[in-house]
Structure formats: C-alpha cells, structure tokens
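> Return atomic coordinates for the entry below.
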Amino acid sequence: MSLESLVDEIRRRGEADLTAITSGRDADAAKIVAETNRRLEEVHSGSARATDAEVAHERAQRLAAAKLRARKLLYEAREKRLESALGETRTLLADYTRSAQYPAVLKRMVTAATDALGKPIRISGRSEDAALLAKAAGKSFDPTPQSILGGLVAETPDGSRRLNLSFDELLRLREDRVRELLA
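A predicted model of the protein is given here:
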C-alpha cells in the first residue's frame with residue numbers, strides 16, 4: 001500500500017465519518033427543532049386555554065356585577081315608587097280628615113278605645129280635631145294636641161296602657177300590607 005492510497009483511505013474514512021457526523025448532527029438538529037416546535041405549541045395552547053378561562057371568568061364576573069346593579073336599580077326604583085305612593089296615601093288620609101265621614105270615624109275610635117282600655121281614659125288628638133273629640137269623648141278629652149295626621153291617642157290616666165289609633169300609627173302598622181297592595 002502506497003502512501004497515496006493510505007492518504008486516500010484516511011481521507012475517505014474521514015469524509016465518511018464527517019458525513020456520518022453531519023447527518024447525525026442534522027438529524028439531532030431536526031429532532032431539537034421538532035421538540036422545540038412541540039413545546040412551543042404546548043405553551044401556546046396552554047396559554048390560550050388559560051386566557052380563555054380568564055376571559056370567561058372576567059366576563060362572568062362583569063355579567064354578575066351588571067345583574068346585581070340592575071337588581072339594585074330596580075329595587076331602588078320600586079322603593080322610590082312605594083315611598084311616593086305612601087306619601088300619596090298620607091295626603092289622602094289628610095284629605096279624609098276634612099271629609100264628612102271623619103267625625104263618625106272619630107266617634108267609633110273613641111268607642112273602640114273605651115272598650116279596649118275601659119274607663120276612665122284620656123283621649124287626645126290633633127288641635128284641628130279638638131272640638132270633634134271633645135264632643136265624642138266628653139270628660140275623657142285631653143286638650144293637649146298631638147302631632148298626628150288624624151285619628152286619636154287614648155291612654156289610661158296613670159299612663160300604663162296606651163292605644164294609638166292615629167292614622168300615622170295605623171299606616172305604620174299596616175305598611176307591609178299597604179306595600180303589597182301598591183306593588
């Protein structure tokens with residue numbers, strides 16, 4: 001074997017080794033690129049899922065907050081309307097105190113108070129109703145004016161029992177029922 005053939009053999013083996021190393025490197029590089037692309041796709045799809053979940057959660061929170069605000073506004077509007085209606089009811093009761101039926105109602109209230117509390121009692125009411133109450137209650141009438149819408153307040157002389165038949169109190173006691181009727 002000559003030197004040239006030996007150099008050619010070494011060169012061929014070197015080129016074969018170089019080709020094998022190059023093809024191995026290219027194969028490894030292709031595997032690395034494929035693995036990188038796969039991981040990037042996993043990260044991308046994972047972040048897309050997380051983003052979608054976060055967006056859905058945020059959307060649900062905003063929707064719930066909007067529904068809550070809508071219910072609150074509806075409740076406030078209904079409450080405002082009911083307060084307005086109760087104000088109108090108070091106005092109607094004030095107008096009723098100027099009607100022809102009001103003296104008869106006061107007489108029935110005096111009778112109911114006397115039946116409930118017995119005798120003797122003190123009956124008082126608005127200063128505008130003093131003449132009507134003095135006529136209906138007689139000696140039981142107490143001229144001390146009450147700041148009420150109409151009706152009367154009766155109590156025993158010692159103050160231990162009291163019956164408030166004022167329109168204000170009757171409306172307050174039945175406010176839930178009135179609200180149901182007005183709603």
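
> Please parse this structure into its domains.
Structurally, the chain divides into domains by automatic domain parsing as follows: 1-96, 100-182.

> The shortest one: end-to-end distance?
Meaning domain 100-182. 26 Å (C-alpha to C-alpha, to the nearest Å).

> Quick one: mean pLDDT for it?
The pLDDT scores in domain 100-182 average 85.

> how far is that domain from where the chain is centred?
Offset of domain 100-182 from its chain centre (C-alpha atoms, centre = their mean, to the nearest Å): 38 Å.

> now swap in stretch 172-183 and tell me
For stretch 172-183, the distance to the chain centre is 20 Å (C-alpha atoms, centre = their mean).

> so which of the domains of the chain is the most packed in?
Stretch with highest mean neighbour count among the domains of the chain: domain 100-182 (a mean of 16; mean count of other C-beta atoms under 10 Å). (C-beta placed from N, C-alpha, C; glycine too.)

> neighbouring contacts of stretch 145-162?
Contacting residues not belonging to stretch 145-162 are listed as 90, 93-94, 96-97, 102, 105-106, 109-110, 113-114, 116-118, 120-127, 129-130, 133, 140, 163-171 [C-beta atoms under 8 Å, 6 or more residues apart in numbering].

> which other helices and strands contact the longest helix seen in the chain?
Under DSSP state H, the helix in the chain containing the largest number of residues is helix 3-96. Here helix 3-96 touches helix 167-173, helix 175-182, going by 3 or more C-beta pairs under 8 Å, 6 or more residues apart in numbering; DSSP states H and E.

> Nearest approach to residue 17 belongs to which of these?
Shortest distance between residue 17 and the helices and strands packed on helix 3-96, using C-beta to C-beta, is found for helix 175-182: 97.1 Å.
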